[in-house]
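J.: no sequence for this one, just the structure:
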């Protein structure tokens, strides 16, 4: 429940948790950061809420202004009327005829002590406030998306560097182990190589974790964390 409140979505226990997979591929998003910004502006629930608030404010302004204008009503009625109401002789035949009546009624309150004017001004003020909130939120989302995207790209590069370091440390350890077996290197050299390998493995794990965290942050920023899209971040097989 707290997770959904933090994400700004409706309360529900229908949450699908993705199993940890491979690291997202930077090539899938490197050329379309503008697409992520556009997706964020379309899918963020908080932005949609502010957009709805602005539309409601627009409707309130229209309603307030319409109340200031005159109201025109058109009415039409039809009825049957007797030509000679006091005469009732069968020899005269039908003594009734169909009568139409139409009319237009105009109502215009010319003086209300400025009540309607102040109501319009109040609605316009609320409309401007809603528009400003929407603009400010949109700018913030664009900034958040760019920052999240850059963090994701940085994490990818750091992981690549960590994998290169791990490969070098693994090669160095294997060489030191062979040399120790042949008596060329002593135990201290082997322990140092093993320590460097352990540090490289730890750096690789931390880099992988940073990639997954930054990818999730990018998904949250664009509003796609709980609603995957076809153009969302794609996963690839984790490199060894």
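T.: Thanks, I have the structure now. Note that the structure is a prediction, hence the values are computed from the model and not measured.
J.: and residue 176, how many neighbours does it have?
T.: 20 (other C-beta atoms under 10 Å). Where C-beta positions appear, they are placed from N, C-alpha and C, glycine not excepted.
J.: Just give the closest residue to it, not the sequence neighbours.
T.: residue 193 (3.8 Å; C-beta to C-beta, 6 or more residues apart in numbering).
J.: Repeat that for residue 133.
T.: Residue 133's closest residue in space is residue 50 (C-beta to C-beta, 6+ apart), at 5.5 Å.
J.: Tell me which other helices or strands the helix or strand harbouring the one you found touches.
T.: In the assignment (DSSP states H and E), residue 50 maps to helix 45-66. With contacts defined as 3 or more C-beta pairs under 8 Å, 6 or more residues apart in numbering; DSSP states H and E, the packing partners of helix 45-66 are helix 115-181.
J.: could you check the angle helix 115-181 makes with the next helix or strand after the helix it packs on?
T.: Toward the C-terminus, helix 115-181 is succeeded by helix 187-221 as the next helix or strand (DSSP H and E). Here helix 187-221 runs at an angle of 160 degrees relative to helix 115-181 (axes from the mean of the first three to the mean of the last three C-alpha atoms, to 10 degrees).
J.: buried ones in helix 187-221?
T.: 190, 193, 196-197, 200, 203-204, 207-208, 210-212, 214-221 (16 or more other C-beta atoms under 10 Å).
J.: Distance of residue 206 relative to residue 166?
T.: Using C-beta to C-beta, to the nearest Å, residue 206 is found at 12 Å from residue 166.
J.: An error on my part: the question was meant for residue 158.
T.: From residue 158 to residue 166 the distance is 12 Å (C-beta to C-beta).
J.: neighbour-wise, which of these two wins?
T.: In this view residue 158 and residue 166 are compared by other C-beta under 10 Å, and residue 166 has more residues nearby, 20 against 17.
J.: ok, and the closest non-adjacent residue to residue 185?
T.: residue 179 is the one closest to residue 185 (C-beta to C-beta, 6+ apart), at 4.1 Å.
J.: Quick check: that neighbour vs residue 201, distance?
T.: Residue 179 is 21 Å from residue 201, by C-beta to C-beta.
J.: what does residue 168 give?
T.: 12 Å.
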